[in-house]
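Undergrad: Predicted model, plus sequence, below.
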Amino acid sequence: MIRSIQQMRGTAIEATDGPIGDLHDVYFDDSDWTVRYYVVDTGKWLPGRKVLIPPHAIRQTTPDHAGLPVDLTTEQVRNSPPMDTEQPISRQAELVLYRHYGWTPYWIPLAPATPVAIAGDAAEREEEATSGYYGNPNLRSAKEVIGYHVAATDGEIGHIEDFLLDDESAKIRYAVVDTRNWLPGKTVLIAPQWIREIKWSEAKAFVNVGREAVRNSPEYNPVTPLDKEYESRLFEHYGYPIPWL
């Protein structure tokens, strides 16, 4: 299912034995635009705490299900290691989190799809691999990146208004770009693979498409669900290969 991250914010997160809070943010890996964590604000249940839940802990949902169920208990979440979400998340902190839940970290090559515990020599090798590494520079907050300016090859086109997430693959499928200051009333989609560079210090993304191509691109209507026909037209319009072909 393709979901708007902006619309997902505030969604109730439900453990197997009760609610644990609301979705506050999403952290994605800017090297491949994979979502690594849902950031959950635990509200009155655990005042002042935000916890990280990786996508593989989310149980399958149906379109009519209002919340996001997770395959965790409230006690597991209560005892999870504290995370300062106002600071960059270190690889060591991620490792502690994964060990708490008994999962294989996503950065281990050929990690199995199902969560398994790290034990013995494997744990020692992983600790050695992450020792001295005090920050994961690839993790980005969707909440922070929303609002970034977007420039085509020949000038600015607007700003990022939202992200569309494929919750099956945990990948950000598109950035939703509002062109109101240039093309009033038009919203367009830009796929991450068309972004050639992001200058984080300038809060600006640069895409490999021209302004004229954006002007004539298929318009995105958030009320209409995405389908393969629309996505095919979008990729063909910009001259990029259709991923699923």
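TA: Received, thanks.

Undergrad: least trustworthy helix or strand in the chain by mean pLDDT?
TA: Lowest on mean pLDDT, DSSP states H and E among the helices and strands of the chain sits helix 120-130, with a mean of 44.

Undergrad: what are the pairing partners of the very next helix or strand once past it, and which direction each?
TA: Toward the C-terminus, helix 120-130 is succeeded by strand 139-141 as the next helix or strand (DSSP states H and E). With DSSP bridges as the test, strand 139-141 is paired with strand 18-29 (antiparallel).

Undergrad: Could you pull out the buried residues of the strand it pairs with?
TA: 20, 21, 22, 23, 24, 25, 26, 27, 28, 29 (16 or more other Cβ atoms under 10 Å). Placement of C-beta: from N, CA and C, glycine included.

Undergrad: ok, now which ones touch residue 77?
TA: Residue 77 is in contact with 15, 20, 42, 46, 51, counting by Cβ atoms under 8 Å, 6 or more residues apart in numbering.

Undergrad: Which residue comes closest to the first one once chain neighbours are left out?
TA: Pointing back at residue 15 there. Using Cβ to Cβ, 6 or more residues apart in numbering and skipping residues adjacent in sequence, the residue nearest residue 15 is residue 74, 4.7 Å away.

Undergrad: who's in contact with the one you found?
TA: When contacts are counted by Cβ under 8 Å, 6+ apart, residue 74 touches 15, 17, 18, 20, 45.

Undergrad: any chance of the residues you listed in TSV, plus distance to residue 105 and pLDDT?
TA: Below are the contacts of residue 74 laid out as TSV (distance: Cβ to Cβ, whole Å; pLDDT from 0 to 100):
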residue	distance to residue 105	pLDDT
15	22	96
17	26	95
18	27	95
20	22	96
45	27	94
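
Undergrad: For those residues, work out which two are farthest apart.
TA: 17 and 45 (12.4 Å; Cβ to Cβ).

Undergrad: who's more crowded, those two?
TA: residue 45 (14 against 11; other Cβ atoms under 10 Å).

Undergrad: So for stretch 86-99, mean pLDDT?
TA: When pLDDT is averaged along stretch 86-99, the result is 92.

Undergrad: er, stretch 55-68 I mean
TA: Stretch 55-68 carries an average pLDDT of 78.

Undergrad: Quick check: chain neighbours aside, which residue is closest to residue 137?
TA: residue 88 (7.5 Å).

Undergrad: Secondary structure of the one you found: a strand, I assume?
TA: No. Using DSSP: H, G, I helix; E, B strand; the rest coil, the secondary structure at residue 88 is coil, not a strand.

Undergrad: circling back: now flag whichever of the contacts of residue 74 is closest to residue 141.
TA: Residue 141 lies nearest to residue 20 out of the contacts of residue 74, by Cβ to Cβ, at 20.0 Å.

Undergrad: Cross-check the contact I'm expecting between the closest one and residue 45.
TA: Yes. Assessed by Cβ atoms under 8 Å, residue 20 is found in contact with residue 45 at 6.4 Å.
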